[in-house]
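# could you work out the structure for the sequence below:
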Amino acid sequence: MTKTINIHFLGAAEVVTGSKYLVDTPEKNILIDCGMFQGSKELRELNWLELPIDVSAIDIVMLTHGHLDHVGFLPRLLYQGFKGVIIGTAPTLAITEIVLMDSGKIHEEEASKANKENYSKHKPALPFYTIKDVKKTIEYFQVINESVWVELSNNISCRFKYNGHILGSTFIELDIYGKRFVFSGDLGRSHDYLLSPPKKPKWADYLFLESTYGNKNHSHEDIESVLSNLIEETLMKKGNLIIPSFAVERLQTLIYLLWKLFKENKIPDIPIYIDSPMGNNVLEVFKDFPEWHNLTSSEYNAMRNHSNIVQSYKETWEVVDNPASKIIVAGSGMITGGRVLTYLQYLLNKPSTTVLLVGYQAEGTRGRKLLEGVDKLKIYGRYYPVLASVKNVESLSAHADMNELLKWSNSIINAPEKVFLVHGEPEASFELMKVMKQKFQWNIHLPKLFEVVQINI
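Numbers count the residues shown, from 1 in each chain. Just a heads-up that it's a prediction; the model follows:
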């Protein structure tokens, strides 16, 4: 008897944010990831809409990893009626808890600030969700072991496999009525300072592949030389090097790199300030799950002790007021929020300041605008002139590039019945589709946001 499976592309289709894919089957309804939309106002407004599905019918949410664009919508899912379970690896759930608690706090603070300073069009401005909502969400978490098949129903089982993007991250294999559905999640790099290379799938009847960098390969720049030179320039200018950083993985990698450069006498003992409460908490997750990364305990302790961990907002202001040259690593990576906004408010208008962007900058974010050369940046309702130097490096990206995506896909020994390219801006997905069709002759589809694809098995 034919079984019908409907795939709902509820996010990360035609865009690199808001990952949510509903696998609607006769036995279980499974949501792969549950991310917030980030970036442009048009995308952010999608977060406030009711999902075009029966949320109460979702049985399981499976998380590939703990980034906000993959987990940030979870409290709203509960608000819309979800009553199932949320599963992921132990470090993924630990990071998700940290990310959501931080997000809830920021939502509350920004709503309060908007109401106090009267710069929101909404009267009153409401938080997207609160810390109380997050605490309720955490009660639904259940840990799943990596590389172990788990039976979900008579004809559905799943397995989570290491994919090297961030601590705890995985791709997901779903066996449904004898067909294998593979969701890549965000794929990591072949070579990483902290993590091992991604494991690879052997079989996929239906492949859902990220395409963030589907149209380009990362440059082979020497990141250690780039950092050393920028630090030398910063000291010569008697200025500040500000590195907006993703709190999960990128921040820990930067702490490691700066310690490594100092240990090898490649940079002087310039003060380094790490200002990301969420990033500091994720450092603890590295300590708790040593089997998931490549740092020894002595390396972990040494790199942590080399930097000044900013503990409070009061200390943030002390760092801002300190006239000495310094390195500031602060969240968030795309400058969409976080402590880095405070530093930019006061230091972006100084020619002695350098801003170093070290990760993907989604369309519509402040990071993308700086990358594109804007002469002023809007922060909390006001515009600030951009007189600082803006630099960019891609070699620290936690996302696989085109060649790495192709090598990962090449491990699949069969020809999938269909490949869906997701989590990419249109030009990236389209270019990857062209290359994959030429290389593999696979049947590839570029889904649109909120599209529903029916699969008969």
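# end-to-end on stretch 188-201?
14 Å (CA to CA, to the nearest Å).
# buried set for that stretch?
For stretch 188-201, the neighbour count (16 or more other CB atoms under 10 Å) marks 188-189, 192-195, 197-199, 201 as buried. Heads up, the C-betas are built off the backbone N, CA and C, glycines and all.
# cool, stretch 237-244 as well?
For stretch 237-244, using 16+ other CB under 10 Å, the buried residues are 237, 239-244.
# now the buried residues of stretch 188-201 as JSON lines including pLDDT?
Output for the buried residues of stretch 188-201, formatted as JSON lines (pLDDT from 0 to 100):
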{"residue": "188", "pLDDT": "97"}
{"residue": "189", "pLDDT": "95"}
{"residue": "192", "pLDDT": "93"}
{"residue": "193", "pLDDT": "93"}
{"residue": "194", "pLDDT": "96"}
{"residue": "195", "pLDDT": "97"}
{"residue": "197", "pLDDT": "97"}
{"residue": "198", "pLDDT": "98"}
{"residue": "199", "pLDDT": "98"}
{"residue": "201", "pLDDT": "98"}
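# thinking again about what came up before, could the buried residues of stretch 237-244 be laid out in a markdown table, adding pLDDT?
Converted to a markdown table, the buried residues of stretch 237-244 look like this (pLDDT from 0 to 100):
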| residue | pLDDT |
| --- | --- |
| 237 | 96 |
| 239 | 97 |
| 240 | 97 |
| 241 | 98 |
| 242 | 98 |
| 243 | 97 |
| 244 | 96 |
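# possible to save those as CSV with distance to residue 220?
Below are those laid out as CSV (distance: CB to CB, whole Å):
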residue, distance to residue 220
237, 28
239, 28
240, 28
241, 23
242, 25
243, 21
244, 23
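# nearest to residue 303 among those residues?
Distance to residue 303 across the buried residues of stretch 237-244 (CB to CB) is lowest for residue 243, with 15.3 Å.
# what sits against the residue most central in space within the chain?
Centroid check for the chain by CA atoms, centre = their mean gives residue 67 as the closest residue, at 3.9 Å. Residue 67 sits next to 35, 99, 166, 186, 246, 248 when contact means CB atoms under 8 Å, 6 or more residues apart in numbering.
# is the first one part of a helix or strand, or is it coil?
Looking back up the chat, that one is residue 35. Using DSSP: H, G, I helix; E, B strand; the rest coil, the structure places residue 35 in coil.
# for burial, what's the neighbour tally of it?
As a burial measure, residue 35 scores 24 neighbours (other CB atoms under 10 Å).
# what ranges do the helices span in the stretch 251-400 of the chain?
Taking DSSP state H, counting those that start in this stretch to define them, one finds helices in the stretch 251-400 of the chain at 277-288, 297-306, 313-321, 340-347, 366-371.
# and the angle from the third one to helix 277-288?
Helix 313-321 and helix 277-288 are oriented at 110 degrees to each other (axes from the mean of the first three to the mean of the last three CA atoms, to 10 degrees).
# which secondary structure elements does helix 313-321 contact?
For helix 313-321, the elements it packs on are strand 272-275, helix 340-347, judged by 3 or more CB pairs under 8 Å, 6 or more residues apart in numbering; DSSP states H and E.
# what comes up buried for that helix?
Buried residues in helix 313-321, defined by neighbour count with 16+ other CB under 10 Å: 316, 319-320.
# and what of the second one?
Neighbour counts using 16+ other CB under 10 Å place 300, 302-304, 306 of helix 297-306 among the buried residues.
# how does the chain divide up, domain by domain?
If you go by automatic domain parsing, the domain ranges for the chain are 4-216+398-456, 223-392.
# tell me the average confidence for the longest helix along the chain?
What stands out as the longest helix in the chain, according to DSSP state H, is helix 90-117. For helix 90-117, mean pLDDT is 90.
# tell me which stretches of the stretch 51-200 of the chain form helices.
Using DSSP H, counting those that start in this stretch, helices in the stretch 51-200 of the chain cover 68-71, 74-79, 90-117, 131-138.
# could these go into CSV alongside mean neighbour count and distance to residue 352?
Formatted as CSV, those follow (neighbours: other CB atoms under 10 Å; distance: least, CB to CB, whole Å):
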stretch, mean neighbour count, distance to residue 352
helix 68-71, 27, 32
helix 74-79, 22, 41
helix 90-117, 20, 29
helix 131-138, 17, 38
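# TSV for the ones you listed, including distance to residue 449?
Listed next are the helices of the stretch 51-200 of the chain as TSV, based on distance: least, CB to CB, whole Å:
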stretch	distance to residue 449
helix 68-71	14
helix 74-79	17
helix 90-117	22
helix 131-138	24
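# cheers, nothing more for now.
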